[in-house]
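Peer 1: got a sequence here, can you model it:
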Amino acid sequence: MHSTAMRRAAAIAALVLGALTVVVAVVVAVREFPRGLALLALVLICAAAAWIGVVRRGASRVLGLAIAGLALVGALALLVAKGDPGLDVLVVAGLLLSLLAARGAIWVQVDLPDAPAPQHPVLFYNPKSGGGKAERFALAKEAVARGIEPIELTLGDDLETLVRAAVARGADGLAMAGGDGSQAVVAAVAAELGLPYSCIPAGTRNHFALDLGVDRDDVVGALEAFVDGGERRVDLAEVNGRVFVNNVSLGVYAEAVQHAGYRDAKLRTILDTVPDVAGPDGAALDLRWRGPGQTEHQGGLAVLVSNNRYRLGRAVGSGTRPRIDDGLLGITVIGSPTGGGSGRSLQNPWRQWSAPTFEVDSERPVPAGIDGEALVLDPPLLFTIRPGVLRVRIAKGHPGASPSALAPEGFRDGLATLVRIALGRDPHQP
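Peer 2: As a prediction, the model looks like this:
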């Protein structure tokens with residue numbers, strides 16, 4: 001990661017600047033009420049929105065930065081209107097500098113251990129995946145330029161058969177450019193044979209790439225993993241012997257992906273499925289499982305079993321996995337199952353825990369969404385984690401860790417994280 005000394009200095013600077021800024025802000029708010037209070041509110045909004053814009057992606061990033069910009073303009077307008085800004089400038093500058101220092105302290109850029117580059121790496125790519133990203137970025141040509149053999153998937157090809165045939169011809173490194181279902185197939189073979197694997201973010205959402213620390217906006221740059229990339233080991237999970245890299249969903253989502261129209265109208269299909277599962281005339285989920293206390297439960301709106309635990313809720317990094325090498329399944333039950341009391345907490349409509357194994361039983365075959373692909377599994381469903389079985393290569397210029405690896409779950413957790421870093425302690429430990 002960044003130098004430990006630099007991160008510690010950034011954390012100390014963030015804490016000191018933040019404390020001094022709060023003191024000055026209180027003085028300004030009291031002395032120049034109500035103008036001072038309005039200025040303080042605008043600066044706080046600017047800082048909070050800017051933080052969201054920096055640590056999140058997509059629409060959240062755009063919205064956060066837009067709100068931060070508007071709040072900053074409002075704060076500057078108040079400063080100009082006063083004529084003699086004085087301490088006001090210190091408040092604005094102090095908060096912004098404190099924010100930048102905090103960001104520097106928790107920014108994750110992992111320096112992965114060097115490993116010998118494979119001599120005959122092979123890239124499998126789906127030209128239709130992600131709206132045609134492979135063709136748009138000329139991945140085949142870029143792969144050849146880096147000494148990587150490209151193999152295009154065509155309609156009717158069996159991906160696992162292609163991968164094993166390439167290994168039989170001497171492939172000693174495997175990369176996949178496509179959706180997460182295809183990533184799981186190639187990753188499973190790589191793990192079985194002990195070969196290095198690289199995830200090329202040419203799918204639609206590239207969730208696995210995100211949590212591995214691959215820059216999803218740098219499709220071509222991800223190929224550098226087989227040139228001079230670093231290497232780490234991560235977990236894989238499986239259900240009834242089938243490997244998955246992200247998650248298996250049972251319930252509303254799993255029922256929705258079974259519908260023929262799901263790919264063309266995902267949200268509408270999911271909404272149409274909810275009454276079938278949760279409505280007054282809906283059929284309750286025929287799922288039986290044991291919670292962390294080994295109490296038997298049944299039903300619920302949905303069950304999600306993931307390769308390591310997802311961060312859920314409104315926290316920074318929500319929807320990502322802080323780690324993918326923890327050696328545990330993440331288990332989330334949404335809605336209230338029957339038996340053994342409530343299956344959710346008072347604050348959240350879900351219950352979440354981790355375990356090395358998990359079993360779900362049913363009286364009939366169970367519809368499942370496995371890494372976004374629709375399947376029907378015969379019960380019982382046996383979930384297991386396979387710790388550290390996959391050798392992942394990641395380009396040097398990419399983060400190398402999930403965006404939530406160090407990101408705090410809220411203000412209190414963020415403050416505690418900064419204090420631990422400033423004291424030279426492990427930021428992951430309480």
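
Peer 1: please make it C-alpha for all contacts and neighbour counts, starting now.
Peer 2: OK.

Peer 1: center of the protein, which residue is that?
Peer 2: Residue closest to the average C-alpha location in the chain (CA atoms, centre = their mean): residue 320, at 2.4 Å.

Peer 1: residue 118 versus that residue, what's the distance?
Peer 2: 30 Å (CA to CA, to the nearest Å).

Peer 1: then residue 14?
Peer 2: In terms of CA to CA, residue 14 sits 43 Å off from residue 118.

Peer 1: how about residue 361?
Peer 2: 43 Å.

Peer 1: cool, residue 137 as well?
Peer 2: 23 Å.

Peer 1: who has more neighbours out of those two?
Peer 2: For residue 137 versus residue 118, neighbours defined as other CA atoms under 10 Å are more numerous around residue 118 (18 against 14).

Peer 1: part of a strand, is that one?
Peer 2: No. Using DSSP: H, G, I helix; E, B strand; the rest coil, the secondary structure at residue 118 is coil, not a strand.

Peer 1: contacts only, for it.
Peer 2: 172, 173, 196, 226 (CA atoms under 8 Å, 6 or more residues apart in numbering).

Peer 1: okay, and the beta partners of the third one?
Peer 2: Read it as residue 196. Note on residue 196: beta-bridge partners by DSSP bridges are residue 391.

Peer 1: please pull out the lowest mean pLDDT helix or strand from the protein.
Peer 2: Lowest on mean pLDDT, DSSP states H and E among the helices and strands of the chain sits helix 266-278, with a mean of 42.

Peer 1: and the next helix or strand past it?
Peer 2: Sequence order places strand 288-290 as the next helix or strand after helix 266-278, per DSSP states H and E.

Peer 1: chain center to that following strand: distance?
Peer 2: Here strand 288-290 is found 27 Å from its chain centre; the criterion is CA atoms, centre = their mean, to the nearest Å.

Peer 1: same question, stretch 190-202
Peer 2: 19 Å.

Peer 1: buried stuff in that stretch?
Peer 2: For stretch 190-202, the neighbour count (16 or more other CA atoms under 10 Å) marks 190, 191, 195, 196, 197, 198, 199, 200, 201, 202 as buried.

Peer 1: which ones among those map onto strands?
Peer 2: 196, 197, 198, 199, 200 (DSSP state E).

Peer 1: and residue 10, what's its pLDDT?
Peer 2: Residue 10 is assigned a predicted lDDT (pLDDT) of 79.

Peer 1: the one 3 residues further on too?
Peer 2: The confidence metric pLDDT takes the value 83 at residue 13.

Peer 1: now it. Nearest residue, chain neighbours left out?
Peer 2: residue 101 (6.3 Å; CA to CA, 6 or more residues apart in numbering).

Peer 1: quick one: name whatever helix or strand follows the helix or strand hosting that neighbour.
Peer 2: Assigned by DSSP H and E, residue 101 belongs to helix 87-106. On the C-terminal side of helix 87-106, the nearest following helix or strand under DSSP H and E is strand 121-125.

Peer 1: so what secondary structure elements neighbour that next one?
Peer 2: For strand 121-125, the packing partners by 3 or more CA pairs under 8 Å, 6 or more residues apart in numbering; DSSP states H and E come out as strand 149-152, strand 173-177.

Peer 1: from residue 49, how far off is the residue nearest to residue 100 when sequence neighbours are not counted?
Peer 2: Among residues not flanking residue 100 along the chain, residue 14 sits closest, at 7.8 Å (CA to CA, 6+ apart). Here the criterion is CA to CA. By it, residue 14 lies 17 Å from residue 49.

Peer 1: ok, those two, which is more surrounded?
Peer 2: Using other CA under 10 Å, the more surrounded residue of residue 14 and residue 49 is residue 14, with 27 against 23.

Peer 1: what is the helix or strand in which that one is found packed up against?
Peer 2: For residue 14, the element it lies in under DSSP H and E is helix 4-31. Applying 3+ CA pairs under 8 Å, 6+ apart, we find helix 4-31 packed against helix 35-55, helix 87-106, helix 411-422.

Peer 1: show the pLDDT at residue 63.
Peer 2: 82.

Peer 1: for residue 29, that is, sorry about that
Peer 2: 66.

Peer 1: outline the domain layout of this protein.
Peer 2: In the domain annotation for the chain, the residue ranges read 4-107+407-422, 121-234+390-394, 247-388 (automatic domain parsing).

Peer 1: what about the shortest one, how long is it end to end?
Peer 2: Across domain 121-234+390-394, the terminal residues are separated by 14 Å (CA to CA).

Peer 1: what's the mean pLDDT across that domain?
Peer 2: Over the span of domain 121-234+390-394, the pLDDT mean works out to 95.

Peer 1: tell me how far that domain lies from the chain's centre.
Peer 2: 19 Å.

Peer 1: and the residue nearest to residue 100, what does it touch?
Peer 2: Counting by CA under 8 Å, 6+ apart, residue 14 has contacts 97, 98, 99, 100, 101, 102, 418.

Peer 1: name the member of those residues with the most neighbours.
Peer 2: Within these, most neighbours by other CA under 10 Å means residue 418, with 26 neighbours.

Peer 1: now do residue 422 against residue 97, distance only.
Peer 2: Residue 422 is 17 Å from residue 97, by CA to CA.

Peer 1: now swap in residue 419 and tell me
Peer 2: 17 Å.

Peer 1: pLDDT score for the closest residue to residue 248 other than its chain neighbours?
Peer 2: Leaving out its chain neighbours, the residue that sits closest to residue 248 by CA to CA, 6+ apart is residue 370, at 4.5 Å. pLDDT for residue 370: 92.

Peer 1: residue 352 reaches residue 329, doesn't it?
Peer 2: No. With contact defined as CA atoms under 8 Å, residue 352 does not count as touching residue 329 (10.6 Å).

Peer 1: all good on my end, thank you.
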